[in-house]
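Enquirer: Attaching a predicted model along with its sequence, questions to come.
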2 protein chains.
Amino acid sequence: MPSSDARGTAPRARRADARRNVAAILDAATDCLARDPETSVAGIAAAAGVGRITLYGHFKTRAELVDAVLARTVQRADVILDATDTGGDPRDALARLVASSWQIVHQFRNILLAAQRELPAERIRGVHDPILRRVQSLIGRGQRAGAFRRDLPRQWLITTAFSLMHAAAEDAAVGRVKADDAARLITATLLAAYTPPAEGRKA
Amino acid sequence: MPSSDARGTAPRARRADARRNVAAILDAATDCLARDPETSVAGIAAAAGVGRITLYGHFKTRAELVDAVLARTVQRADVILDATDTGGDPRDALARLVASSWQIVHQFRNILLAAQRELPAERIRGVHDPILRRVQSLIGRGQRAGAFRRDLPRQWLITTAFSLMHAAAEDAAVGRVKADDAARLITATLLAAYTPPAEGRKA
DNA sequence: AGTAACTCGTACACCAGTGTTCAGGAAAGG
DNA sequence: CCTTTCCTGAACACTGGTGTACGAGTTACT
């Protein structure tokens, strides 16, 4: 039921300033939460240049707000990844995918953190699903092509990829690695980890 | 200042029941926090079979309690790792170290999570340091022996190891991997990731 | 047995954040 | 220009947790 209600009166589109405010709130929230995942609703409203009450007018609860932010962020990420070529040699494709993903993770890891505090775990997994699917299919293709190892469950390979991204993001946040270096490190590590084990190596 | 104060009177050892209670509290706290890192002080006291006030008698604040739990846990972990042979072929040693560490991480990851909420980041890093040092020296040895790659910063290799452990722990908690399988997966992945890259491979 | 150490329950002050209510005022949009 | 939608600040109830104060009861040690 996107635009017309079941009731008689079509609910006349939102007023312009309302839409503007919602956008401002979403932007501010994304910004604040990225900096500090525990920012209070009051803080976000202030940053958006809007009264706290106005905010509650658009998002019934804090959780709802966080959810909206998460959804929008993931959806944007998905668009970026959509523009990333995942064809050709699986190893090259992986490198490209990592480069794109890293940027996103690096920038928004705190948002995920905020979401983890407020939202049920399943919801988060649900939202992440489209992205996860991307990695999954690339890995699958690589395995069929013989470029990636098949002796470990695919699920685990995916976990490895995500895990390294987030770890790198954290290290970058603390200054343990330079942000420009991260993609290279992740890629090198992942490629090595995914390479089919040489014969005669012990398991 | 472990047992005798600078003041004149030696402060007569703690009464037996007091010591017993402290132990009970620590045990209960470890247990509760491992299950739910947000357990309230009241909950912990109850689980320890002790009044909330008694608890506050021994630990001035919640943070102090969490800190104590963390310290004790890490120290126990350190003992376990101390009993793990890190000599011989670096690859085998790594496998052994992973096997031991995994158990610990798997069991206590929630405690770390609790600590992250309550304690300053530096404190956590400080406590972890002895463990970290272990991995570091093993990796260093492996690199010098030519068993592990040298084209990535050692710091990053360490991060990789920790990251995979925690990722596996999380996956195990959600049931995505079987707990008995985890050590194998981690080891296989890490060994592959640490293997010096073949010549002529692109970076 | 006596004393100091320890425990316990109730009760309270406190804090920060969330979510609600109200009534008036501004501005979009027809 | 007039109606409807929306914004707003102040004030308030509520929640859940933390930490404190008191006074009486219990228990360990000597």
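Expert: Yep, it's here.

Enquirer: Next, the contact list for A:Arg123, please.
Expert: For A:Arg123, the set of contacting residues under the criterion of C-beta atoms under 8 Å, 6 or more residues apart in numbering or on different chains consists of A:Asp67. (Glycine included, C-beta is placed from N, CA and C.)

Enquirer: average model confidence for the host helix or strand of it?
Expert: Taking DSSP states H and E as the criterion, A:Arg123 maps to helix A:121-144. Mean pLDDT, helix A:121-144: 94.

Enquirer: Tell me the buried residues in it?
Expert: Counting neighbours by 16 or more other C-beta atoms under 10 Å in any protein chain shown, one finds that the buried residues in helix A:121-144 are A:Ile124, A:Val127, A:His128, A:Ile131, A:Arg134, A:Val135, A:Gln136, A:Leu138, A:Ile139, A:Arg141, A:Gly142, A:Gln143.

Enquirer: Now tabulate these in a markdown table and tack on distance to DNA strand C.
Expert: As requested, these are arranged in a markdown table below (distance: C-beta to the nearest atom of the strand, whole Å):
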| residue | distance to DNA strand C |
| --- | --- |
| A:Ile124 | 18 |
| A:Val127 | 20 |
| A:His128 | 24 |
| A:Ile131 | 27 |
| A:Arg134 | 33 |
| A:Val135 | 33 |
| A:Gln136 | 35 |
| A:Leu138 | 38 |
| A:Ile139 | 39 |
| A:Arg141 | 43 |
| A:Gly142 | 43 |
| A:Gln143 | 45 |
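
Enquirer: how about the residues of chain A near chain B?
Expert: Along chain A, the residues adjacent to chain B under the rule C-beta under 8 Å from any C-beta of the partner chain are A:121, A:149, A:151-153, A:155-156, A:159-160, A:162-164, A:166-168, A:171, A:174, A:176-177, A:184-185, A:188-190, A:192-195, A:197, A:203.

Enquirer: What's the PyMOL line that selects buried ones from those?
Expert: Buried residues within these, as defined by 16+ other C-beta under 10 Å, are selected in PyMOL through the command that follows:
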select buried, chain A and resi 149+152+156+159+160+162+163+164+166+167+168+171+177+184+185+188+189+190+192+193+194+195
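
Enquirer: Can you tell me which of the residues of chain A next to chain B end up in helices?
Expert: A:121, A:155-156, A:159-160, A:162-164, A:166-168, A:171, A:174, A:184-185, A:188-190, A:192-194 (DSSP state H).

Enquirer: Quick one: name the residues of chain A near DNA strand D.
Expert: With C-beta under 7 Å from any atom of the strand as the criterion, chain A comes near DNA strand D at residues A:12, A:14-15, A:17-18, A:21, A:49-51, A:53-54, A:57-58.

Enquirer: Show me which positions of the longest helix that chain A contains end up buried.
Expert: Secondary structure assigned by DSSP H gives helix A:90-118 as the longest helix of chain A. Neighbour-count burial for helix A:90-118, with 16+ other C-beta under 10 Å as criterion, is recorded at A:90-91, A:93-98, A:100-102, A:104-106, A:108-112, A:114-115, A:118.

Enquirer: Quick check, central residue of chain A?
Expert: Of all residues in chain A, the one closest to the mean position by C-alpha atoms, centre = their mean is A:Val74, 4.6 Å from it.

Enquirer: Tell me how far the closest residue to A:Gly140 other than its chain neighbours lies from A:Ala77.
Expert: Distances taken as C-beta to C-beta, 6 or more residues apart in numbering or on different chains place A:Arg154 nearest to A:Gly140, at 6.6 Å, with adjacent residues excluded. When C-beta to C-beta, to the nearest Å is the yardstick, A:Arg154 and A:Ala77 sit 22 Å from each other.

Enquirer: Pick out whichever of the two has more residues nearby.
Expert: More neighbours surround A:Ala77 than the other of A:Arg154 and A:Ala77, with 20 against 14 (other C-beta atoms under 10 Å in any protein chain shown).

Enquirer: Give me the below-cutoff pLDDT ranges for chain A.
Expert: Across chain A, residues meeting the criterion (pLDDT under 70) sit at A:1-13, A:199-203.

Enquirer: can you list the residues of chain A near DNA strand C?
Expert: For chain A, the residues found near DNA strand C under the criterion C-beta under 7 Å from any atom of the strand are A:15-17, A:40-42, A:52-53, A:56, A:60-63.

Enquirer: Can you flag the buried ones in those?
Expert: Buried residues within those, counting neighbours by 16+ other C-beta under 10 Å: A:Val41, A:Arg62.

Enquirer: Mind putting the residues of chain A next to DNA strand C into a markdown table with secondary structure?
Expert: Conversion of the residues of chain A next to DNA strand C to a markdown table gives the following (DSSP: H, G, I helix; E, B strand; the rest coil):
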| residue | secondary structure |
| --- | --- |
| A:Arg15 | coil |
| A:Ala16 | helix |
| A:Asp17 | helix |
| A:Ser40 | coil |
| A:Val41 | helix |
| A:Ala42 | helix |
| A:Arg52 | helix |
| A:Ile53 | helix |
| A:Tyr56 | helix |
| A:Lys60 | coil |
| A:Thr61 | coil |
| A:Arg62 | helix |
| A:Ala63 | helix |
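
Enquirer: Please identify the helix or strand for A:Asp27.
Expert: With elements taken from DSSP H and E, the one containing A:Asp27 is helix A:16-35.

Enquirer: now that helix against helix A:90-118, angle please.
Expert: Compare the direction of helix A:16-35 with that of helix A:90-118 by axes from the mean of the first three to the mean of the last three C-alpha atoms, to 10 degrees and you get 100 degrees.

Enquirer: Tell me the buried residues in helix A:16-35?
Expert: Going by neighbour count (16+ other C-beta under 10 Å), the buried part of helix A:16-35 is A:Asn21, A:Val22, A:Ala24, A:Ile25, A:Leu26, A:Ala28, A:Ala29, A:Thr30, A:Cys32, A:Leu33, A:Ala34.

Enquirer: Farthest-apart pair in those residues, please.
Expert: Distances among those were taken as C-beta to C-beta; the most separated pair is A:Asn21 and A:Ala34, at 20.0 Å.
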